[in-house]
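1. Build me a structure from this.
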Amino acid sequence: MAEASAQSYSNHTRLDPIFHFFLLPVAAINLIVSIVSCFRNPSLDKGWIIVLSLAAVLAIFLIRTYSLKVQDRVIRLEERLRLSQLLNASLCARIPELTEGQLIALRFAGDAEVPGLTEKALAGNLKPADIKKSIVTWRPDLFRV
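-> Sure, this is the predicted structure:
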């Protein structure tokens, strides 16, 4: 669990090697090669390959985007449940006022910090990055997509 305690604002973002270093570059290179090939020797077949290459690039982006959106929905649900257990009644009633970004940022805060950060977020309309920068005790999230 040493890895869990090492997460912080400066290193909490995550690259997915298969997506970022294989799928995306291969799809982009394939699209570029298809376009160059079609311009050098135009034909209906090569034009269709461009369409298929573009569809592959879009599909790869959509697959990533959809999984991140589902993850964000689960995080919102988890954090609303967590906040309802950690906050007093007056702050609990204001949970719906938090933006999606604020809820997602609050997931990194330790239980003791959540009430104060939630109050600051609601009072000052803190941006997610500001919430994350304000966290003293980082609660790692190692199960992200």
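2. Count the neighbours of the nearest residue to residue 115 once chain neighbours are set aside for me.
-> Nearest non-adjacent residue to residue 115, counting by Cβ to Cβ, 6 or more residues apart in numbering: residue 87, 5.6 Å away. For every residue, glycine as well, the C-beta is placed using N, CA and C. Around residue 87 there are 17 other residues, counting by other Cβ atoms under 10 Å.
3. Residue 108 versus residue 87, what's the distance?
-> 17 Å (Cβ to Cβ, to the nearest Å).
4. that older thread, show the contacting residues for the residue nearest to residue 115.
-> Applying Cβ atoms under 8 Å, 6 or more residues apart in numbering to residue 87 gives the contacts 95, 114, 115, 118.
5. Could you check the pLDDT of the second one?
-> In this prediction, residue 114 carries a pLDDT score of 95.
6. tell me, how many neighbours does it end up with?
-> Neighbour count for residue 114, taken as other Cβ under 10 Å: 21.
7. Pretty sure it sits against residue 84.
-> No. Applying Cβ atoms under 8 Å, one finds residue 114 not in contact with residue 84, separated by 11.0 Å.
8. Please identify the helix or strand for the most centrally placed residue in the chain.
-> Nearest to the mean C-alpha position of the chain, by Cα atoms, centre = their mean, lies residue 68 at 5.4 Å. When elements are assigned from DSSP states H and E, residue 68 belongs to helix 44-86.
9. What is that helix packed up against?
-> Contacts defined by 3 or more Cβ pairs under 8 Å, 6 or more residues apart in numbering; DSSP states H and E place helix 44-86 against helix 24-40, helix 89-92, helix 100-106, helix 114-124.
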